[in-house]
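Student: Got a sequence here, can you build the structure:
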Amino acid sequence: MMTQYAFHCPSCGAHLNRNEKIVLKTRRSNGDEGEIEMSTSVGNYEYQHNPDVLFSPGEIVDFICTSCNAELNSKEFENYALLNLKVAENIVFDVLFSRQAGVQKTYLVTEDGIETYSGN
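Tutor: Numbering: from 1, shown residues only. Below you'll find the model as predicted:
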């Protein structure tokens with residue numbers, strides 16, 4: 001399992017790690033916004049959200065870059081967000097994770113194929 005690598009915005013390339021966490025803005029369908037800190041370990045679904053919020057099961061959450069404010073929603077897979085994972089200077093993988101509250105699914109797209117991680 002991959003742990004503690006550098007995550008970047010696919011739009012602007014900004015580094016999204018802070019204190020061993022991935023930090024993103026969130027926006028709910030009702031317009032509420034906040035900030036989420038997620039584990040840099042692919043497949044670890046623990047998070048902290050500011051302000052504290054209880055997401056409704058099945059709710060679709062928009063994830064937004066903290067640098068350029070671009071929505072990180074995947075254009076190919078509408079219920080997933082997309083980040084870039086830089087593992088070396090010239091090696092970058094795509095990470096897709098579910099935007100649907102309660103669905104713990106992550107896909108790591110590497111040069112060798114697709115790795116799948118699930119939490120529930």
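Student: Which residue ranges of the protein form helices?
Tutor: With helices called from DSSP state H, the chain shows none.
Student: how near is the residue lying closest to residue 70 once chain neighbours are set aside to residue 105?
Tutor: Nearest non-adjacent residue to residue 70, counting by CB to CB, 6 or more residues apart in numbering: residue 11, 3.8 Å away. C-beta: built from backbone N, CA, C; applies to glycine. Note on residue 11: its distance to residue 105, by CB to CB, to the nearest Å, is 22 Å.
Student: got it, and residue 91?
Tutor: The gap separating residue 91 from residue 105 is 23 Å, by CB to CB.
Student: buried sites along stretch 74-91?
Tutor: For stretch 74-91, a neighbour-count test (16 or more other CB atoms under 10 Å) marks 74, 80, 81, 82, 83, 84, 85 as buried.
Student: Quick one: residues contacting the second one.
Tutor: By CB atoms under 8 Å, 6 or more residues apart in numbering, residue 80 lies in contact with 73, 74, 96, 97, 98, 99, 107.
Student: With pLDDT and distance to residue 29 as extra columns, can I get the buried residues of stretch 74-91 in JSON lines?
Tutor: As requested, the buried residues of stretch 74-91 are exported to JSON lines (pLDDT from 0 to 100; distance: CB to CB, whole Å):
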{"residue": "74", "pLDDT": "97", "distance to residue 29": "17"}
{"residue": "80", "pLDDT": "98", "distance to residue 29": "16"}
{"residue": "81", "pLDDT": "98", "distance to residue 29": "15"}
{"residue": "82", "pLDDT": "98", "distance to residue 29": "19"}
{"residue": "83", "pLDDT": "98", "distance to residue 29": "21"}
{"residue": "84", "pLDDT": "97", "distance to residue 29": "26"}
{"residue": "85", "pLDDT": "95", "distance to residue 29": "28"}
